[in-house]
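Trainee: what shape does this take:
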Amino acid sequence: MAKFQSPTGMHDLLGEDLEYFRKIENVCRDIADFYGFQRIETPILEETELFEKGTGFTTDIVQKQMFSFRTRGGDFLTLRPEGTPGIVRSYIQQGMQNLPKPVKFWYFGPFFRYERPQAQRFRQFYQFGFESLGVEKPVIDAQIIKIFYNILKELGFKDLTIELNSIGDSECRPEYKRILVKYLRSHQSNLCPDCRRRLRENPLRILDCKRERCQIIAGAAPQMIDRLCKECHNHFKSVLEFLEELELPYQLNPYLVRGLDYYTKTVFEIFPGSLKDDKKSSQEIDKTALVGGGRYDDLVKLLRGKDTPACGAAAGVERIVYLMKLKGRKMPSPKLPQVFLAQVGELPKRKSLKIFEEFRINKIKVAEAFHKDSLISQLRMADGLAVKFVLILGQKEALEEKIIIREMKTGKQKIIPIKNVIKEVKRRLKKD
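Mentor: Residues are numbered from 1 along each chain as shown. Just a heads-up that it's a prediction; the model follows:
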């Protein structure tokens with residue numbers, strides 16, 4: 001009979017990988033605390049319509065990648081493929097539109113997309129994100145970009161590049177779409193099947209296609225940045241001025257549109273520096289963004305809330321971990337115990353449990369082997385752990401409320417009252 005396996009495209013997290021995850025989450029938490037972002041946890045399951053309306057009917061996520069099902073009660077639910085629609089739903093449902101603006105959230109957790117598993121692409125994957133709702137000023141865009149730039153720098157990334165663009169709004173984008181469609185129709189026969197469909201449904205997405213023949217066509221297409229209305233032009237100009245003031249390394253990418261329908265005005269991605277010393281395909285590594293996001297001023301209203309400007313972004317955790325490993329960024333080894341608590345007999349075992357908890361309360365890491373009865377085997381374990389001291393509690397010591405403390409390097413032993421063991425260990429560890 002075959003053994004159970006994890007589902008295709010999903011994987012266990014343990015050991016070293018969890019240490020990387022913990023490091024990234026801790027950096028996010030520290031940055032969030034400084035910038036005043038609150039942690040939010042939305043359900044892993046949401047109504048399917050939330051993503052159809054929010055993420056967009058014509059996106060690859062909704063058309064190809066969502067895990068959706070109907071419950072016994074008839075509800076149509078989806079495992080969340082991204083974070084923003086759920087946060088906006090919570091913002092509306094919890095009445096947060098009446099709070100002082102901006103309302104700022106951050107999150108870290110699992111998401112789900114049905115796609116062909118390949119290197120660094122999983123069906124269950126982790127993302128962290130930051131969202132700011134309620135303020136339309138360009139300083140918010142710059143701050144979101146700066147936050148993600150800071151996180152990546154804290155994680156050891158150098159030579160980061162920010163690519164950004166403005167895709168306008170409902171005022172100027174319709175005219176640009178008309179011009180873009182006219183151009184793309186003249187090259188329709190050379191587009192991939194997906195882009196021929198996008199030409200009917202959402203022509204902007206063609207600019208985001210990764211197929212080479214479509215990229216060549218998109219590279220000569222009219223640029224949105226040349227056709228922005230006055231408001232969008234001034235907004236984007238201010239964003240760039242803030243980035244220059246912050247001395248952030250950015251470059252304009254007039255064909256950057258992102259793959260989600262809700263974006264307006266500023267869109268951006270952050271790329272890692274070249275891995276010149278890596279023998280693997282550094283070109284492929286450099287082409288994939290670590291962070292992506294932008295402004296989504298129409299999404300709250302689209303999801304039946306009040307008209308609310310917003311801006312945010314997200315980053316893939318597995319990809320960041322992968323690159324941290326390639327760059328040789330090691331996680332600190334866990335703190336090893338310097339004390340081992342050995343016991344022989346039932347009464348000593350019972351008393352040892354209480355002593356062990358006293359060490360925990362005093363934040364002194366102690367190793368133990370309560371499952372073993374042999375003192376020799378316990379001392380062998382202590383030697384393997386290279387601890388400085390072993391505490392030995394036998395039947396005689398337990399009855400007399402005393403304990404032996406042995407210095408492993410010299411073999412010297414001393415009998416002390418159990419009530420003094422914490423104080424004595426602290427003194428000896430401090431002395432060393």
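
Trainee: only C-alpha atoms from now on, for both contacts and neighbour counts.
Mentor: Will do.

Trainee: by mean pLDDT, flag the weakest helix or strand of this structure.
Mentor: Taking mean pLDDT, DSSP states H and E as the measure, the helix or strand of the chain with the lowest value is helix 282-287, at a mean of 52.

Trainee: which helices and strands does the very next helix or strand once past that helix pack with?
Mentor: Going down the chain from helix 282-287, the next helix or strand is strand 291-295, by DSSP states H and E. Here strand 291-295 touches helix 138-154, strand 264-271, strand 310-316, going by 3 or more C-alpha pairs under 8 Å, 6 or more residues apart in numbering; DSSP states H and E.

Trainee: mind listing the helices for the stretch 251-400 of the chain?
Mentor: In the stretch 251-400 of the chain, the helices defined using DSSP state H, counting those that start in this stretch lie at 282-287, 299-302, 317-326, 346-361, 375-384, 395-399.

Trainee: among those helices, which is the most enclosed?
Mentor: Of all those, helix 299-302 has the most neighbours on average by mean count of other C-alpha atoms under 10 Å, namely a mean of 20.

Trainee: where does pLDDT dip in the stretch 201-350 of the chain?
Mentor: Judged by pLDDT under 70, the stretch 201-350 of the chain has its weakly predicted residues at 274-287.

Trainee: okay if I get the helices of the stretch 251-400 of the chain as TSV plus distance to Ile270?
Mentor: Converted to TSV, these look like this (distance: least, C-alpha to C-alpha, whole Å):
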stretch	distance to Ile270
helix 282-287	10
helix 299-302	23
helix 317-326	12
helix 346-361	43
helix 375-384	46
helix 395-399	62
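
Trainee: closest to Tyr262 out of these?
Mentor: Nearest to Tyr262, of all the helices of the stretch 251-400 of the chain, is helix 299-302, at 5.9 Å by C-alpha to C-alpha.

Trainee: from the chain's centre, how far out is that closest one? Work that out for me.
Mentor: Distance, stretch centre to chain centre, for helix 299-302: 25 Å (C-alpha atoms, centre = their mean, to the nearest Å).

Trainee: what sits up against that helix?
Mentor: Helix 299-302 is contacted from outside by Lys53, Gly54, Val88, Arg89, Ile92, Tyr262, Lys306, Asp307, Thr308, Pro309, using C-alpha atoms under 8 Å, 6 or more residues apart in numbering.

Trainee: send the alpha carbons of that helix over as CSV?
Mentor: Taking C-alpha atoms only, helix 299-302 is exported to CSV below (Å, rounded to 0.1, in the frame of the first residue of the first chain):
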residue,chain,number,x,y,z
LEU,A,299,-11.4,48.4,-5.4
VAL,A,300,-13.2,49.4,-2.2
LYS,A,301,-16.1,50.9,-4.1
LEU,A,302,-16.1,48.0,-6.5
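
Trainee: quick check: Asp298 touching Tyr262?
Mentor: Yes. Using C-alpha atoms under 8 Å, Asp298 makes contact with Tyr262 at a distance of 6.9 Å.

Trainee: still on that earlier bit, tell me which of the helices and strands packed on strand 291-295 lies nearest to Leu347.
Mentor: Here helix 138-154 is closest among the helices and strands packed on strand 291-295 (C-alpha to C-alpha), at 50.2 Å.

Trainee: could you give the angle of that closest one to strand 264-271?
Mentor: With axes from the mean of the first three to the mean of the last three C-alpha atoms, to 10 degrees defining the directions, helix 138-154 sits at 10 degrees from strand 264-271.

Trainee: for Asp297, which non-adjacent residue is closest in space?
Mentor: Pro309 (3.9 Å; C-alpha to C-alpha, 6 or more residues apart in numbering).

Trainee: so what's that neighbour up against?
Mentor: Contacts of Pro309 (C-alpha under 8 Å, 6+ apart): Leu133, Gly134, Val135, Glu136, Arg295, Tyr296, Asp297, Asp298, Val300.

Trainee: neighbour-wise, which of those residues leads?
Mentor: Arg295 (28 neighbours; other C-alpha atoms under 10 Å).

Trainee: for the closest residue to it other than its chain neighbours, list the residues it contacts.
Mentor: Counting by C-alpha to C-alpha, 6+ apart, Arg295 lies nearest to Cys311, which is 4.0 Å off, once chain neighbours are set aside. Residues near Cys311 by C-alpha under 8 Å, 6+ apart: Glu131, Ser132, Leu133, Ile140, Asp141, Ile144, Gly293, Gly294, Arg295, Tyr296, Asp297.

Trainee: circling back: Throw the contacts of helix 299-302 into JSON lines and include distance to Asp33, thanks.
Mentor: Listed next are the contacts of helix 299-302 as JSON lines, based on distance: C-alpha to C-alpha, whole Å:
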{"residue": "Lys53", "distance to Asp33": "32"}
{"residue": "Gly54", "distance to Asp33": "28"}
{"residue": "Val88", "distance to Asp33": "21"}
{"residue": "Arg89", "distance to Asp33": "23"}
{"residue": "Ile92", "distance to Asp33": "24"}
{"residue": "Tyr262", "distance to Asp33": "28"}
{"residue": "Lys306", "distance to Asp33": "28"}
{"residue": "Asp307", "distance to Asp33": "28"}
{"residue": "Thr308", "distance to Asp33": "24"}
{"residue": "Pro309", "distance to Asp33": "23"}
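
Trainee: which among those residues end up buried?
Mentor: Lys53, Gly54, Val88, Arg89, Ile92, Tyr262, Thr308, Pro309 (16 or more other C-alpha atoms under 10 Å).

Trainee: now do the last one against Asp298, distance only.
Mentor: Relative to Asp298, Pro309 is positioned 7 Å away (C-alpha to C-alpha, to the nearest Å).

Trainee: coming back round to it: hey, what's the residue nearest to Arg295 bridged with?
Mentor: Ser132, Arg295 (DSSP bridges).

Trainee: follow-up on the earlier one: quick one, which of the helices and strands packed on strand 291-295 is nearest to Thr59?
Mentor: strand 264-271 (15.4 Å).

Trainee: what is the orientation angle of the closest one with strand 291-295?
Mentor: Counting by the same axes, to 10 degrees, strand 264-271 lies at 170 degrees to strand 291-295.

Trainee: quick one: strands adjacent to strand 264-271?
Mentor: strand 161-166 (antiparallel), strand 291-295 (antiparallel).
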